[in-house]
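Enquirer: Sequence and predicted structure are below.
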Amino acid sequence: MLKGTHTFFATVSRMKYIERWALMRNSRPENLSEHSCEVAMIAHVLCTIGNVRYGRNLDADRAAMIGLYHDTTEIITGDMPTPVKYYNETIQSAYKEVEKIAEEKLLERLPEDLRPTYEQIYHPSNSVEDDYLRQLVKAADKISALIKCIEEERSGNTEFRTAKETTQKSINELQAKYPEVLDFVNEFLPSYGRTLDELSD
């Protein structure tokens, strides 16, 4: 490939053009870049809570990077609505295969010497630590979705009511398995949706 023609980061920068919740009426649109930043921050603090309070040895910075890149395949595939993506096992399996192909297409846009570093972000190892870390990133993704539902509800939009109930149920299940999630929900989640003045008091 000619010098200056690697397109990975230019492609990833297009996350800001991918809108989430396409089937829902939004009081404020949310793009993929915003969501990914939030997931990265939440994944980082979940790992930090695990390390500080529960004696784990999780790489919080790595979790943040996985969170930051976790949805970049949607630049190629688009954001498939959750009800469609998980409608049945056939569709879910087919979509996972499409995601895998999209990942490889993205990684091919990197110089060969940099590719292994980013392959580790897209393809975490099967170690116990990496598996736990992956689960916390998935939890961060769910928490970010719940935050969106809360913000929409606070703005008077009832469109997200069912999504909030479904997402809350998923997070309740995660809380039972991961104390880091329970701590975040108890200590940080209640302040979301408040005004700046309320947050300042």
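Expert: Right, received. Where do you want to start?

Enquirer: Could you find the closest non-adjacent residue to A63?
Expert: A43 (4.2 Å; CB to CB, 6 or more residues apart in numbering). Every residue, glycine included, has its C-beta placed from N, CA and C.

Enquirer: The spatially most central residue of the chain: what's it in contact with?
Expert: For the chain, D141 is the residue whose C-alpha lies nearest the centre (CA atoms, centre = their mean; 3.6 Å). By CB atoms under 8 Å, 6 or more residues apart in numbering, D141 lies in contact with 39, 67, 70.

Enquirer: Tell me how many other residues crowd the residue nearest to E34 when sequence neighbours are not counted.
Expert: Closest residue to E34 apart from its sequence neighbours, by CB to CB, 6+ apart: K16 at 7.9 Å. K16 sits with 12 neighbouring residues when counted by other CB atoms under 10 Å.

Enquirer: same check, this time on the one 10 residues further on
Expert: Under the neighbour criterion other CB under 10 Å, N26 is assigned a count of 17.

Enquirer: wait, is it part of a helix?
Expert: No: applying DSSP: H, G, I helix; E, B strand; the rest coil, one finds N26 to be coil, outside a helix.

Enquirer: If we ignore the residues flanking it in sequence, what's nearest it?
Expert: In space, N26 is closest to E152, 6.8 Å off (CB to CB, 6+ apart).

Enquirer: how close does the one you found get to E165?
Expert: Note on E152: its distance to E165, by CB to CB, to the nearest Å, is 13 Å.

Enquirer: Let me know the pLDDT of Q92.
Expert: If you check Q92, the pLDDT there is 72.

Enquirer: How many residues are close by it?
Expert: 13.

Enquirer: Return the set of buried residues in the helix or strand harbouring it.
Expert: Counting by DSSP states H and E, the element that carries Q92 is helix 89-107. Residues 95, 99, 102-103, 106-107 are the ones in helix 89-107 that count as buried (16 or more other CB atoms under 10 Å).
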